[in-house]
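Peer 1: Pasted the sequence and its predicted model underneath.
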Amino acid sequence: MKTNFLPVLTLAGIASLLPSAAAAQPPADPLSGEVTVKAVLFDQFDGVDADRTSFLERYRAQRGWSGDMRSGVYLDLDVDLKYQPDDKRTLTVKRWGEGQYRHGGQAQWDTEQFRLGATYDFFRRSSGGLDHYFSPNVVPGGTDPSYFPAGSTNTASGYAAQFNRDTDRTLYHVNRFDYGLGFSLKPGILGGGTTIAVNFDGYLRYGKRRLTYVLGGSDVQKAPVAPTNDFVLQRWRGMTQNVDENMNRVTWNLTTSPGKVVNLAYTGFTEGFDNRARDYRHRDIPLVAPYFYNPTADQDRPLGFNPDSSLTSHALRVNRTFGSTQVAAGYARTDLKQDTFTVPQTRFGFNVGKIKTQHANLDIDAGVTPAVTLQGHFRFGQRDNDSSFPVAGLLNAAESERLGTRLNRLEAVNYGLAAVFRPHGLGSSFALGWKGEDKSRDLTYHASGITQGVSNYRGDTDADELYARWSALNLRGLTLRLTSSYAWADRTGLVTEPSGALGLKAVLGYTAPSGTVFSSYYSLKDRENDLGRLTDKAVTAPITYQQDLSSTVQSAGAAVSCQPSKESSVHVGLDWTRLDASVLFFESSRRRFEATTSFALRDTVGSVVDHYLLAVGGDYAASKEVKLTWAYEWSKADGELASGYVARQLHAIDDTLDNVLHTLELGARWQLTKDRQLRVAYRYDNYDDAAYPVLSGGIHSLMVAVSLRL
């Protein structure tokens, strides 16, 4: 992606450094801030060896001087500097670090006319390799030999008996480097409240990740075929795929208020995504004799293809006030384009990949009286699939297995009315509202395979919602907010859209005269959809089955913070979340792409999972020079991911959540002199997974830092 504004930004920055007649006198010491040198000692005292990745390393990888990622020592540097040659120009530079795999920084130059800034952030995410918990062969229940016992001829689902790992023992790490550069003109330059901002940002992602896939039933052959059809065991495979991605985006913003009559805001951006990693194809699969790839099959079919793409967007928003009425309107359009294509796509003529999205909105807020406000909104959205279609041999509704379900167009209309009442002198408000939503989907199905009757997609959604809100404030330090809603639908296009939904949320807060602050909340979201239908296809006596999906999410929490003494403070918080879901589980006689399909209800599958979080902490000023801090967090996930028939097919590792994470932090700050400070911090992390013990582990670290104030 080309960006031509960088020389302009550079010249503007240089020009602002030159002295001017209007510049104020510089301060006696224009440079201030703090520089901190840190030494960190870490040790993984429990868990897997370095040839595997522990759970605690997924988002907090560390590495010592010697290259050891289990224990070691490293140095790091934090910088927070401010250079102010006068009261009209300021340069700030910040840098923070938590080792080789987690650090970032920013710089900003501020003047009366403009602002110029730059940022960066680096982060590593680690995960297990194909010889660890991502490999079905080493996970209990990951493969099932009963799908292909000795002498079997099961060429349909027999591949589930064996997973083939086409890679060496590899640990997966993906690094992400984010960067940005921004420039903005302040309102005083252009007048009329006009501001202009141009920003450039992007990221680099590189590393390795896993890729798993299942080959088609006839892709793998064997010579000779006799005595068994065991070539089916070669279909389920996994390999290592390199990650090498780059995204660049330029964003521009304009806000203005011509004559202070109307406010205009325009935002646009253009973005380019470039996948520079190798694109693997079926011909790259390392089959070993006597197995070989079917010479009549298409060996150019992709494996894990990730296309280059470009995205452009334009959005305009206008708002104006007419007395006690505010009116706002907006329009936005986004175009997503596929820039590279697979070999089969090019061969068959699929050379256009494009999705166009448009949105328009109108919002009105009218004050009828000082105590009554009426609100209304109307929003329209449209998504068009303008990609190549039909494409004979690739995307063709007349050919079996050439198309699943294609969404040609989606139109959505959302509208609503509300009234807000604020009775004088009560310090509270009450709102009552209604919202409606209509969606229309233009879908294309197989002519000989998939039809609407054997899928969970439908063309239309028609839903309504009523809601009420009450807020009571300043009741002797007490605040209370209540929100309730009820939604229903006559038609749903997806099973995840509710045919009925109930919502409730309550927030209570209290501030005591002593300064103690208490807060609590409760939230309930109950959703159900019983409008889904599945119908047997091309059978003598077709039966229609009702799908029923329900979910209930509850959460509650409370927190208290206080100052037991002048020198100390304490805070405590407890949160709980429960997800309770169930769905009817059906089996089908054939793949849904095939012409004859019949269904059978197996069972009702449910899942109940609880999450708990306890957080306590505080600080204590032992003296004028010494301050102590402490914090502890305990989080637990507990529950079953399946029940009934499905649970009986799963091992505990896939059916159960049972893990606990402990984190303890102790810190001390000692003000050595006016300009020097010593900081010591200890951190203890321990993760215990009863369902999959190999993920368990513990890490503790000690940080010693010296800060110099300029």
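Peer 2: Arrived safely, thanks for sending.

Peer 1: show me where pLDDT drops low in the stretch 51-200 of the chain?
Peer 2: Judged by pLDDT under 70, the stretch 51-200 of the chain has its weakly predicted residues at 128-134, 169.

Peer 1: switch to 80 and redo it
Peer 2: 51, 127-135, 137-141, 168-170, 188, 191-192 (pLDDT under 80).

Peer 1: where does Tyr147 fall, phi/psi-wise?
Peer 2: phi -70, psi -20 (degrees, to the nearest 10).

Peer 1: Could you tell me how many residues sit around it?
Peer 2: Tyr147 has 17 neighbours, counted by other CB atoms under 10 Å. The way it works is simple: take the backbone N, C-alpha and C, and place the C-beta from them, glycine included.

Peer 1: quick one: contacts for it?
Peer 2: Tyr147 sits next to 154, 157-161 when contact means CB atoms under 8 Å, 6 or more residues apart in numbering.

Peer 1: Do you have the strands of the stretch 1-150 of the chain handy? List them.
Peer 2: 31-46, 71-86, 89-97, 102-110, 114-127 (DSSP state E, counting those that start in this stretch).

Peer 1: CSV for those strands, including mean neighbour count and distance to Val391?
Peer 2: Below are the strands of the stretch 1-150 of the chain laid out as CSV (neighbours: other CB atoms under 10 Å; distance: least, CB to CB, whole Å):
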stretch, mean neighbour count, distance to Val391
strand 31-46, 16, 52
strand 71-86, 16, 54
strand 89-97, 18, 51
strand 102-110, 17, 45
strand 114-127, 18, 36
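
Peer 1: can you put those in JSON lines and add distance to Leu534?
Peer 2: Formatted as JSON lines, the strands of the stretch 1-150 of the chain follow (distance: least, CB to CB, whole Å):
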{"stretch": "strand 31-46", "distance to Leu534": "49"}
{"stretch": "strand 71-86", "distance to Leu534": "56"}
{"stretch": "strand 89-97", "distance to Leu534": "54"}
{"stretch": "strand 102-110", "distance to Leu534": "48"}
{"stretch": "strand 114-127", "distance to Leu534": "36"}
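
Peer 1: Which one, of these, ends up nearest to Leu443?
Peer 2: strand 114-127 (36.1 Å; CB to CB).

Peer 1: Show me what the following helix or strand past that closest one is packed up against.
Peer 2: Using DSSP states H and E, the helix or strand that follows strand 114-127 towards the C-terminus is strand 164-165. Contacts defined by 3 or more CB pairs under 8 Å, 6 or more residues apart in numbering; DSSP states H and E place strand 164-165 against strand 236-256.

Peer 1: how about 10 Å then?
Peer 2: strand 195-214, strand 236-256 (3 or more CB pairs under 10 Å, 6 or more residues apart in numbering; DSSP states H and E).

Peer 1: Just give the closest residue to Arg481, not the sequence neighbours.
Peer 2: Val507 (4.4 Å; CB to CB, 6 or more residues apart in numbering).

Peer 1: so how far is Thr604 from that neighbour?
Peer 2: As defined by CB to CB, to the nearest Å, Val507 lies at a distance of 34 Å from Thr604.

Peer 1: Next: Phe45.
Peer 2: Applying CB to CB to Phe45 and Thr604 gives a distance of 44 Å.

Peer 1: And the helix or strand harbouring Glu587, what does it pack against?
Peer 2: Assigned by DSSP H and E, Glu587 belongs to strand 568-588. In terms of contacts (3+ CB pairs under 10 Å, 6+ apart), strand 568-588 is packed against strand 517-535, strand 544-565, strand 599-621, strand 626-640, helix 644-649.

Peer 1: Surely Arg281 is in contact with Ala297?
Peer 2: No. Checked against CB atoms under 10 Å, the pair Arg281 and Ala297 is beyond contact range at 11.6 Å.
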